[in-house]
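J.: Pasted the sequence and its predicted model underneath.
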Amino acid sequence: MTPTSDDHHEPRQRPGMHRDRDDRGRRRVTSQGSLPRGEEAPRRSRESRLGRPTDEGDLLRRGPRGGRPVVDPRSARDPEPVEPAPATRAPRQLVPTRRRHPVRQALGVLALLLAVWLVATGFAVWDSWRQVGRTEAMPIWEGRPEDTSGRNYLLVGSDARDTLSPEERRRLGTGNTEGRRTDTIMLVHVPTFGEPTLVSIPRDSYVPIRGMGENKINASYNVGGAPLLVDTVEQNTGLRIDGYVEIGFGGFTHVVDELGGVELCPDQDIQDGKAHLDLKAGCQEMDGVTALSYVRARYFDPRGDLGRVERQREFLSALSEQVLTPGTVLLPWEVHGVGSAVTPALTVDEHDSMLEVASALNGVRRASGGDRQVTVPVADSTLSTPHGWAVSWDEERAGALWQALREGDDLPQGL
């Protein structure tokens, strides 16, 4: 069969399409699932094309023309609850962090270390200071000197034996003599401006004592304690004493042992049975007991008490250098160790503050080893008195020394 022209031009049928012809014989193609053949979809009315309501339901939904929508009473009931959509977390935004500068980090670490060091050192000083003994050292009598230039502190080394056990007395060679005496009496003058002065007063100095007449200055401490000793120094020097620091035997030995010893340099061989001392000449490391015996010994020395005060100053100079090393003052545990060794044997006036005591001890350090440490000028070191051999001052030169300190002048020559 020969295909016709219509068949020749008939488009190829795609799957799912149906071919049909209308009333005029024209082909029409309907998709599968459309209305059956011969049925047409009803035409929309003019009203529906224009969006106007065409029935009652549509009227209720849309409302009259130009009016508000009419609510269907059937829809006025509560709507069924709708489950909310699950909350979604917003994506986390990464905020770029600024890297800290290495110098800032280093400064922060240093600041933290400094704060820790300050707290630890402060605790070490406070814990040591609270162990210091207190006493009423200032005189209660009238006639005290007026305030003079600078500040004056009395530094006393006590040989009180009442707090020592028999074993400690044997080791230190103190004997069994009862009562309190002073092996060391030093006047520390700290001027307002300038260098401090350290004046050694021989303990056998023969001077007037309130209520006792003339006697060795050491007797004032034995009879009246610190107040009578301070009063005796004031009356014989004209200097008003502003502070008082006393250290016992135990303090000397403990602080030296805590520091690991102190280097002293005797210029001759020393053998002193009463001081339990046997040393060779030359520089050597001494422990606490040996150092104490060294500064107390006097019977081997023909200068007696004058030679002893020189060794005492030598000891203080060496001790201050040992204490003020960076390894001691910069380490809180070393500060606490040294402080705990010396403060139980330390006694100060009840009105003295920590700063005043520190000023006195710093004055000793600054004056030790220089030309600002002197001994009271002496006229006779073998003065015979009813109280034994004593030391008499050179009234003229001693008076010039006290006047220079009172007025803040330079020390006189030839001391």
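T.: Everything's here; your move. Residues are numbered from 1 along each chain as shown.
J.: Just the terminal-to-terminal distance for stretch 278-291.
T.: Taking CA to CA, to the nearest Å as the measure, stretch 278-291 stretches 11 Å from start to finish.
J.: Pull the residues that contact stretch 401-415.
T.: 148-150, 152, 189, 191-192, 194, 197, 199, 237-239, 372, 374-377, 397, 400 (CB atoms under 8 Å, 6 or more residues apart in numbering). All C-beta atoms are positioned from the backbone trio N, CA, C, and that covers glycine.
J.: Got a quick ChimeraX command for the buried subset of the residues you listed?
T.: Buried members of the contacts of stretch 401-415, defined by 16 or more other CB atoms under 10 Å, are picked up in ChimeraX with:
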select :148,149,150,152,189,197,199,237,239,372,374,375,376,377,397,400
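J.: From the contacts of stretch 401-415, which land in strands?
T.: Members of the contacts of stretch 401-415 lying in strands (criterion: DSSP state E): 152, 189, 197, 199, 374-375.
J.: Residue 338 and residue 255 touch, don't they?
T.: Yes - between residue 338 and residue 255 there is a contact under CB atoms under 8 Å: 6.1 Å.
J.: For the two, indicate the residue with more neighbours.
T.: Shown here are residue 338 and residue 255; by other CB atoms under 10 Å, residue 255 has more neighbours (25 against 20).
J.: Can you tell me the element that one falls in?
T.: helix 249-258 (DSSP states H and E).
J.: Partner strands of the helix or strand following that helix, with direction?
T.: Next in sequence after helix 249-258, counting helices and strands by DSSP H and E, comes strand 262-264. Take DSSP bridges as the rule and strand 262-264 pairs in its sheet with strand 284-286 (antiparallel).
J.: May I see the buried residues of the strand it pairs with?
T.: For strand 284-286, using 16+ other CB under 10 Å, the buried residues are residue 286.
J.: what's the next secondary structure element after it?
T.: Heading C-terminal from strand 284-286 (DSSP H and E), you reach helix 288-296.
J.: So which residue is smack in the middle of the chain?
T.: residue 118 (2.1 Å; CA atoms, centre = their mean).
J.: how close does that residue get to residue 126?
T.: Distance check for residue 118 against residue 126: by CB to CB, to the nearest Å, it reads 12 Å.
J.: With residue 199 instead?
T.: Taking CB to CB, one finds residue 199 at 32 Å from residue 126.
J.: coming back round to it: what inclination does the helix holding residue 255 have with respect to helix 288-296?
T.: 120 degrees (axes from the mean of the first three to the mean of the last three CA atoms, to 10 degrees).
J.: avg pLDDT for whichever helix in the chain runs longest?
T.: Longest helix in the chain, counting residues (DSSP state H): helix 102-129. The pLDDT scores in helix 102-129 average 89.
J.: What is the distance between that helix and the centre of its chain?
T.: Distance, stretch centre to chain centre, for helix 102-129: 6 Å (CA atoms, centre = their mean, to the nearest Å).
J.: With stretch 302-313 instead?
T.: 40 Å.
J.: buried set for that stretch?
T.: 304-306, 308-309, 311-313.
J.: what do you get for stretch 111-123?
T.: For stretch 111-123, by 16+ other CB under 10 Å, it's residue 121.
J.: For burial, what's the neighbour tally of the residue nearest to residue 328 when sequence neighbours are not counted?
T.: The spatial neighbour of residue 328 that comes closest, neighbours along the chain excluded (CB to CB, 6 or more residues apart in numbering), is residue 334 at 4.7 Å. Neighbour count of residue 334, defined by other CB under 10 Å: 18.
J.: and residue 334, which of the three is it?
T.: Following DSSP: H, G, I helix; E, B strand; the rest coil, the label given to residue 334 is helix.
J.: surely it meets residue 325?
T.: No - counting by CB under 8 Å, residue 334 does not reach residue 325; the two are 9.1 Å apart.
J.: Can you check which residues contact both of these two?
T.: In contact with both residue 334 and residue 325: no residue, using CB under 8 Å, 6+ apart.
J.: Helices along this protein, start to end?
T.: 5-9, 46-49, 56-62, 102-129, 166-172, 217-237, 249-258, 288-296, 305-323, 326-329, 332-342, 354-367, 395-407.
J.: sorry, back to before: need the ones in strands among the contacts of stretch 401-415 in TSV with distance to residue 244 and pLDDT, can you?
T.: Compiled in TSV, those are given as follows (distance: CB to CB, whole Å; pLDDT from 0 to 100):
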residue	distance to residue 244	pLDDT
152	10	95
189	14	94
197	18	93
199	15	94
374	21	92
375	21	93
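J.: now for these, which pair is the farthest apart?
T.: Greatest spatial distance in the ones in strands among the contacts of stretch 401-415: 152 and 375, 16.9 Å, computed using CB to CB.
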